[in-house]
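Undergrad: 3D model of this:
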Amino acid sequence: MIPCFLQFAAVAAVAFFLFRWREGVRNRNAQSWSSLLAELRRDWSARALNGNLLWEESLDATPVDAWQRMDGPRGLWVIFQNAKVMMQMADYADRSCESVDRLLLETLRSDAVQIRVCVLLALAQYAFSYASDGFRINSFRAATIYSGMAARMARLIQENAAVVLPDFVAAM
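TA: The predicted structure is shown next:
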């Protein structure tokens with residue numbers, strides 16, 4: 001009797017997960033470019049990391065400077081959320097434009113995953129050992145990848161939809 005109940009519960013849990021996953025995919029596919037731009041967090045800017053130049057793929061800061069410029073954990077969390085949105089923007093470009101550079105899209109997706117892992121590591125290190133400098137290293141790594149990702153996203157937009165580039169730059 002108990003194994004039958006466990007099997008039913010497992011099947012119900014998998015069915016619920018698949019239903020929620022399908023709804024999430026449907027919602028992501030229905031998003032427009034303007035709704036994605038609206039999701040970018042504007043309370044912190046990537047331009048603070050590299051001297052107001054969004055087109056540069058490198059930082060002009062040390063790990064300590066980057067930590068101060070990004071306003072600590074608050075800026076890291078914005079980077080985490082914006083990386084997800086930029087990955088969705090790459091997916092939107094993949095669905096909407098046939099002439100988009102596939103290697104650039106894969107690089108953007110890879111950057112987003114790396115940023116999110118680095119941010120989670122940095123926040124965990126910050127929470128558990130404030131005296132250590134490990135969180136500054138991981139936050140600097142996330143900021144460096146984020147700066148490069150923003151520059152590549154700007155290049156992707158410039159090559160494929162230059163009309164919306166000013167909106168992206170303003171949002172970043």
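Undergrad: so where's this protein shaky on pLDDT?
TA: Counting by pLDDT under 70, the chain contains low-confidence residues at 1, 44-60, 130-132, 162-167, 169-172.
Undergrad: Helices of that one, start to end?
TA: In the chain, helices defined by DSSP state H lie at 2-29, 33-39, 63-69, 73-96, 102-128, 134-160, 165-171, listed in chain order.
Undergrad: so which of these is the most packed in?
TA: Stretch with highest mean neighbour count among the helices of the chain: helix 134-160 (a mean of 21; mean count of other C-beta atoms under 10 Å). Backbone N, C-alpha and C define where each C-beta goes, glycine included.
Undergrad: For that one, what is the distance to the chain centroid?
TA: On the basis of C-alpha atoms, centre = their mean, to the nearest Å, helix 134-160 sits 9 Å off its chain's mean C-alpha point.
Undergrad: With stretch 34-41 instead?
TA: Remark: stretch 34-41 is offset 12 Å from the chain centroid, using C-alpha atoms, centre = their mean.
Undergrad: care to break the protein down by domain?
TA: With automatic domain parsing as the criterion, the domains of the chain are listed as 1-30, 32-171.
Undergrad: any idea which residue sits dead centre in this protein?
TA: Nearest to the centroid of the C-alpha atoms of the chain, with distances taken as C-alpha atoms, centre = their mean, sits residue 83, at 0.8 Å.
Undergrad: Please report how far that residue lies from residue 8.
TA: Using C-beta to C-beta, to the nearest Å, one gets 39 Å for the distance from residue 83 to residue 8.
Undergrad: Same check on residue 78?
TA: Taking C-beta to C-beta as the measure, residue 78 and residue 8 are separated by 43 Å.
Undergrad: Repeat that for residue 23.
TA: Between residue 23 and residue 8 the computed distance is 23 Å (C-beta to C-beta).
Undergrad: Check residue 82 too.
TA: Counting by C-beta to C-beta, the separation of residue 82 from residue 8 is 42 Å.
Undergrad: got it, and residue 153?
TA: From residue 153 across to residue 8, the span is 46 Å (C-beta to C-beta).
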